[in-house]
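>>> Provide a 3D model corresponding to the input given below.
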Amino acid sequence: MAENNLKIVIVDDEESGRETLRNFLTKYCNGVEIVAEANGVASGIGQIVLHKPDLVFLDVQMQDGTGFDLLSGLSERKFQVVFVTSYDQYALQAFRFSAADYLLKPVDPDQLIEAVEKVRSNIEKKEITSKLDVLVSNVNRLEKIALPAMDGIRFVNIEDIVRCESDDNYTMFFMKSGESIVVSKTLKEYELMLNGMRFCRVHKSYLVNLKYVSRYVPGDGGYLILEDGSHVDVSRRKKEALLEMLMK
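Below you'll find the predicted structure:
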């Protein structure tokens, strides 16, 4: 095998799952070498430590634990991971918050090719992030969110976000520290991601962390005064839902 091939370990407790990935990788992806396969958490840890792969395809739910258990059981995680999973709402939410890569079963060959090329690009650019560390911490309780900022992916504590402001297809995050971060995603995407976490869309342009609300000033829609001194308009349409959340 060529020296610059991606070394891959497949971890899945179902033989059919391993076979599908093995066949698709061999058929559709150039420059890859499957160095080992494992059928569970314990054997997966052993194969990863032994072979030191560049990329691990990791099933989420297995007989002896989860893919997250496997990651937690490794002292070093110097490899890229693509999770392979059936639909699991909570797992998918953790992936999105951590900017982790995943494929849904049944695996689509085009998406597999795209995932492998993305990993190859990350390695060539020497792009090392703390995605896996953030993901492991987010599995039990969502604490951090990955923000694709202009200077790279930023991982911030969710509770430190004061408010978010829409700017066309960009979103400006205003942090507790006073820092602002411009992100190349829409406010609607973050409204959906932060749903149920005491964030409220009070206006078409604003998403507010209710933790930092100091005062609501009544009016047509009224406005909020936040702890950082900022004033945020509330639309008439959002007023009732906001007041209901503030009273909880």
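>>> Would you mind giving the domain segments of this protein?
6-139, 147-246 (automatic domain parsing).
>>> Packed most tightly, which of the ones you listed would that be?
For the domains of the chain, the stretch with the most neighbours on average is domain 6-139, a mean of 17; neighbours defined as mean count of other CB atoms under 10 Å. All C-beta atoms are positioned from the backbone trio N, CA, C, and that covers glycine.
>>> chain center to it: distance?
In this view, domain 6-139 has its centroid 14 Å away from the chain centroid, taken as CA atoms, centre = their mean, to the nearest Å.
>>> Also stretch 166-175?
Relative to the centre of its chain, stretch 166-175 is centred 18 Å away, using CA atoms, centre = their mean.
>>> hmm, who's touching that stretch?
Contacts of stretch 166-175 from elsewhere in the structure, counted by CB atoms under 8 Å, 6 or more residues apart in numbering, are 147, 156, 160-165, 180-187, 189-190, 204-206, 228, 230.
>>> For Ile153, give its distance to Lys144.
11 Å (CB to CB, to the nearest Å).
>>> Equivalent analysis for Val81, please.
Taken as CB to CB, the spacing of Val81 relative to Lys144 amounts to 17 Å.
>>> same deal with Asp168?
For Asp168, the distance to Lys144 under the criterion CB to CB works out to 26 Å.
>>> now Met193
Where Lys144 is concerned, Met193 sits at a distance of 12 Å (CB to CB).
>>> got it, and Val11?
Distance of Val11 to Lys144, given as CB to CB: 25 Å.
>>> Just the element for Ile225, please.
According to DSSP states H and E, Ile225 maps onto strand 223-226.
>>> got the contact list for Leu92?
Per CB under 8 Å, 6+ apart, neighbours of Leu92: 85, 102.
>>> Where do the helices of this protein begin and end?
All helices of the chain, identified by DSSP state H, fall at 15-28, 41-51, 67-72, 89-98, 109-124, 131-140, 187-193, 236-246.
>>> Which of these comes out lowest on mean pLDDT?
Mean pLDDT across these is lowest at helix 131-140; the value there is a mean of 61.
>>> Give me the contacts around stretch 109-125.
Counting contacts by CB under 8 Å, 6+ apart, the residues outside stretch 109-125 that touch it are 6, 21, 24-25, 27-29, 31-32, 54-55, 80, 82, 101, 103, 127.
>>> can you rerun that using 10 Å?
For stretch 109-125, the external contacting residues (CB atoms under 10 Å, 6 or more residues apart in numbering) are 4, 6, 8, 20-21, 23-25, 27-32, 54-55, 57, 79-84, 101-104, 107-108, 127-129, 131.
>>> try stretch 15-32
Taking CB under 10 Å, 6+ apart as the rule, stretch 15-32 contacts 1-2, 4-8, 10-12, 14, 33-34, 37-39, 54-55, 57, 59, 62, 82, 84, 86, 103, 105-110, 112-113, 115-117, 119-120.
>>> swap the cut-off to 6 Å and go again
Residues from elsewhere that reach stretch 15-32 (CB atoms under 6 Å, 6 or more residues apart in numbering): 5-6, 8, 10, 12, 37, 57, 107, 109, 112-113, 116.
>>> From those, pick the one nearest Asp69.
Checking the contacts of stretch 15-32 against Asp69 by CB to CB gives Asp12 as the nearest, at 14.2 Å.
>>> you'd agree that closest one is up against Asp59?
Yes - with contact defined as CB atoms under 6 Å, Asp12 reaches Asp59; the gap is 4.0 Å.
>>> Next one: Val107 from Asp13, what distance?
Computed with CB to CB, the distance linking Val107 and Asp13 is 16 Å.
>>> actually Thr85, not the one I typed
Using CB to CB, one gets 12 Å for the distance from Thr85 to Asp13.
>>> sorry, back to before: starting at the chain centroid, how far to the strand holding Ile225?
30 Å.
>>> That one pairs with which strands?
Take DSSP bridges as the rule and strand 223-226 pairs in its sheet with strand 213-217 (antiparallel), strand 231-233 (antiparallel).
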